[in-house]
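Participant: after the sequence you'll find the predicted model.
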Amino acid sequence: MKNSTYLIILLALGLVFVSYKWISTASVDCDAAVSAQTSPASSTYEDIMTRTSVRAYSDRTVSGAAVDSLLKAAMAAPTAGNKQPWRFVVVRDRKTLDYIGDNFNSMTMMKQAPLAVVVCGELAATFPDEGVGYWIQDTSAATENLLLAAHAIGLGAVWCGVYPMSDHVKKFSELLHLPEGIVPLNCIAIGYPSVSPSPKNKWNPEYVHYESY
């Protein structure tokens, strides 16, 4: 009887030990997976952490295939209700790029860039009433995708704001003959970098709050 009791106790202890090892291993595996996804070895994470604004470009031409890749990446962005209100104007004309560089103080790099993409939102393509403002979030997400894609394929780019500056919106709308209801969010200069600026470290744990502010 005593031997049976001892055997049961030993089996129970063994089961506890095996369970503990399995849980510990599972936890380690999970942590390793998260670490792998957010380590510099992950190309996506590396692109996010090393992307920076590039304002100087070589005279190398950006191919149409490269532009298509950027626009495909932009249109893969999340969008409220899958409305996809984003619209894009690709500008290669040298006179138009020079005009932008000459008339907008924050966009002088356009005079050197081989092309620009103007990201716009179509107001009629998103939600009505108060929901119309979702176009800003959707087109901003598309813009970030485009910037990351540019960096990933060796291009440099910089986001130059247009909206909500009313004079900027008016000038771009007239310059690009935008129909009513198409609002330019930004103008992105794109080209092969002639410089290699270092990305800024923007991590600040003081900006993070848990559960409530």
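Facilitator: Great, that's in hand.
Participant: now A141, nearest residue through space, not along the chain?
Facilitator: If the residues on either side of it in the chain are set aside, A141 comes closest to A77, at 3.9 Å by Cβ to Cβ, 6 or more residues apart in numbering. For every residue, glycine as well, the C-beta is placed using N, CA and C.
Participant: next one: K83
Facilitator: T126 (4.7 Å).
Participant: residues contacting the one you found?
Facilitator: The contact partners of T126, by Cβ atoms under 8 Å, 6 or more residues apart in numbering, come to A80, G81, K83, P85, V132, Y134, W135, D138.
Participant: can you flag the buried ones in those residues?
Facilitator: A80, K83, P85, Y134, W135, D138 (16 or more other Cβ atoms under 10 Å).
Participant: can you add secondary structure and give those residues back as CSV?
Facilitator: Output for the buried ones among the contacts of T126, formatted as CSV (DSSP: H, G, I helix; E, B strand; the rest coil):
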residue, secondary structure
A80, helix
K83, coil
P85, coil
Y134, helix
W135, helix
D138, helix
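Participant: quick one: which of those is nearest C187?
Facilitator: W135 (16.7 Å; Cβ to Cβ).
Participant: for E122, what are phi and psi?
Facilitator: phi -100, psi 110 (degrees, to the nearest 10).
Participant: the nearest residue to it once chain neighbours are set aside and A77: what is the separation?
Facilitator: Using Cβ to Cβ, 6+ apart and skipping the chain neighbours, the partner closest in space to E122 is P85 (4.9 Å). Between P85 and A77 the computed distance is 11 Å (Cβ to Cβ, to the nearest Å).
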